[in-house]
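1. Need a 3D model of the sequence below.
(one chain, ligands or ions: 2)
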Amino acid sequence: MGNVKAPKSSRNSRGTVACDNTTMHLLQANDFVAETIRKRMADNGILMINIVSSAGSGKTTLMQETVKRLKDKYNIAILVGDLETERDADRIKEVGGNALQIVTGGICHLEAQMIWQAIEGMNLEGVDILFVENVGNLVCPASFDLGEDYRITLISTTEGDDKPKKYPKMFLTSEMMVVSKADLLPYLPFSLELVTKDAMDVNPDIEVLSLSSTSGEGLDEWCEWLATKVKEKTTAKAVS
Ligand code: MG
Ligand code: ZN
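-> Residues are numbered from 1 along each chain as shown. Ligands and ions are numbered 1, 2, ... in the order given. Modelled structure (predicted):
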């Protein structure tokens with residue numbers, strides 16, 4: 001009789017456990033996985049960059065241009081998050097990029113656990129840069145650390161210059177704001193000055209870069225920035 005266990009449903013925990021904010025605990029679990037990813041990247045000397053923006057701001061196009069310009073210099077891997085399709089990974093593969101699609105099945109952001117699952121199946125040997133193209137959304141991706149070194153928010157000239165104050169958390173948690181589709185600036189009521197001021201009001205440390213994947217303006221600076229960061233990451237690995 002002493003060996004008969006009580007059914008699980010009738011077991012009580014001892015003392016008191018108050019689970020008051022489930023969302024907060026889910027985010028803590030995410031952060032734990034993100035730290036594991038960050039350590040893995042540090043051990044491998046891989047620069048990891050999380051690219052976020054609204055839908056249609058040019059994330060995939062920027063990835064295509066980055067691969068075209070840097071594929072002979074660096075080994076670049078790209079994880080692409082999308083709700084349903086594999087179109088973006090296909091677009092990156094078309095220009096010779098090493099891309100893996102993460103289909104989230106309707107989830108509007110990437111979580112660290114999804115990145116962990118994806119990199120488990122990847123060969124990271126020799127990879128210099130791991131880009132993560134997040135799901136197009138300026139809201140909840142701000143809450144999910146993926147273990148990245150840098151979070152970069154793209155804001156296109158076509159979507160308006162009012163985004164930093166409307167989505168402050170995204171700009172607060174980003175190291176850089178990239179203004180994309182800069183070739184269209186002469187035709188649109190978009191103020192580079194205003195968007196920079198608003199972004200810096202939210203986050204005084206944010207770097208700002210404007211570029212166009214179509215005209216190529218700003219892409220040299222973008223590639224130079226990446227080269228500097230790859231060097232820093234490799235140096236950090238060498239001394240550790
Ligand atoms: Mg895309
Ligand atoms: Zn979401």
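2. make it CA atoms for all contacts and neighbour counts henceforth
-> Noted.
3. What average pLDDT does stretch 83-94 get?
-> Averaged over stretch 83-94, pLDDT sits at 93.
4. Let me see the residues that make contact with it.
-> With CA atoms under 8 Å, 6 or more residues apart in numbering as the test, stretch 83-94 has contacts from 60, 63-64, 67, 79-80, 98-101, 103-108, 135.
5. same check, this time on stretch 178-190
-> By CA under 8 Å, 6+ apart, the residues outside stretch 178-190 that reach it are 57-58, 152-158, 160-161, 192, 208-215, 217.
6. picking that back up, of the contacts of stretch 83-94, list those near ligand 2.
-> residue 108 (CA under 5 Å from the ion).
7. out of the contacts of stretch 83-94, which are inside helices?
-> Counting by DSSP state H, the contacts of stretch 83-94 place 60, 63, 64, 67 in helices.
8. Could you give the number of residues near the third one?
-> This means residue 64. Residue 64: 21 surrounding residues under other CA atoms under 10 Å.
9. same thing with the second one?
-> Around residue 63 sit 24 other residues, with neighbours defined as other CA under 10 Å.
10. ok now do it, which residues does it touch?
-> residue 92.
11. Distance of it relative to residue 78?
-> Counting by CA to CA, to the nearest Å, the separation of residue 63 from residue 78 is 8 Å.
12. Find residues that contact each of these two.
-> Joint contacts of residue 63 and residue 78 (CA under 8 Å, 6+ apart) do not exist.
13. Would you point out which residue of this structure is nearest ligand 2?
-> As assessed by CA to the ion, ligand 2 sits closest to residue 108 within the chain, at 3.7 Å.
14. is it true that that residue touches residue 139?
-> No: applying CA atoms under 8 Å, one finds residue 108 not in contact with residue 139, separated by 9.1 Å.
15. residues from the chain in reach of ligand 2?
-> Near ligand 2, when you scan the chain using CA under 5 Å from the ion, you find 108, 109, 140.
16. Neighbour-wise, which one of these leads?
-> Neighbour-wise, the residues of the chain next to ligand 2 (other CA under 10 Å) top out at residue 109, 22 neighbours.
17. Please look at it and residue 134 and confirm they touch.
-> Yes: contact criterion CA under 8 Å: residue 109 and residue 134 qualify, at 6.6 Å.
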